[in-house]
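> predicted coordinates and the sequence they were generated for:
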Amino acid sequence: MKEFNQEDINQFFNLKSTGIMYLYTPLCGTCQTASKMMLVIEQLLPNFPFSQANLNYVPDIAKILSIESVPCLLVIKDGQIEEKIYAFHSVPYLYEKIKKMLEMKKVQ
């Protein structure tokens, strides 16, 4: 997963990109579990763009995007946040959410 900085995130939204952005902090225990889940999801969907950002290094993004807590998974379509996921439940749960977004993208 590509680690984004402030400039990368701004460019991602300005270019109206589509993808998954995982927001975390390294000392968060739940984030550590979620990070492992995201590695599995990334392997299951190798052709889909995934990125991540450590909110300790991009705190302004948390304010701008109204991030309530970490971990947070942003489902982004055409530069717009379609969904914010805070409860990661399980790998199958996340996989189905992302897969559904991919199917919606193909239809349009």
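It's in.

> name the nearest residue to Y57, ignoring sequence neighbours.
Closest residue in space to Y57, ignoring its immediate chain neighbours: N5 at 6.7 Å, by Cβ to Cβ, 6 or more residues apart in numbering. Placement of C-beta: from N, CA and C, glycine included.

> mind listing what that neighbour touches?
Shown in contact with N5 (Cβ atoms under 8 Å, 6 or more residues apart in numbering): 53, 57-58.

> and those residues, which are buried?
Among these, those classed as buried by 16 or more other Cβ atoms under 10 Å are 53, 58.

> run a quick neighbour tally on S35.
Neighbourhood size, S35 [other Cβ atoms under 10 Å]: 17.

> which residues does the residue nearest to it when sequence neighbours are not counted bridge with?
Nearest non-adjacent residue to S35, counting by Cβ to Cβ, 6+ apart: Y24, 6.4 Å away. Beta bridges link Y24 to N54 when assigned by DSSP bridges.

> any idea how far T25 is from S69?
Using Cβ to Cβ, to the nearest Å, S69 is found at 10 Å from T25.

> next one: Q11
Distance from Q11 to T25, by Cβ to Cβ: 22 Å.

> which one of those two is surrounded by more residues?
T25 (16 against 12).

> mind telling me what element the residue nearest to the spatial centre of the chain is part of?
By Cα atoms, centre = their mean, the chain has its centre lying nearest to M21, at 2.2 Å. If you go by DSSP states H and E, M21 is part of strand 19-24.

> can you name the next helix or strand after that strand?
helix 29-44.

> chain center to that following helix, what's the gap?
11 Å (Cα atoms, centre = their mean, to the nearest Å).
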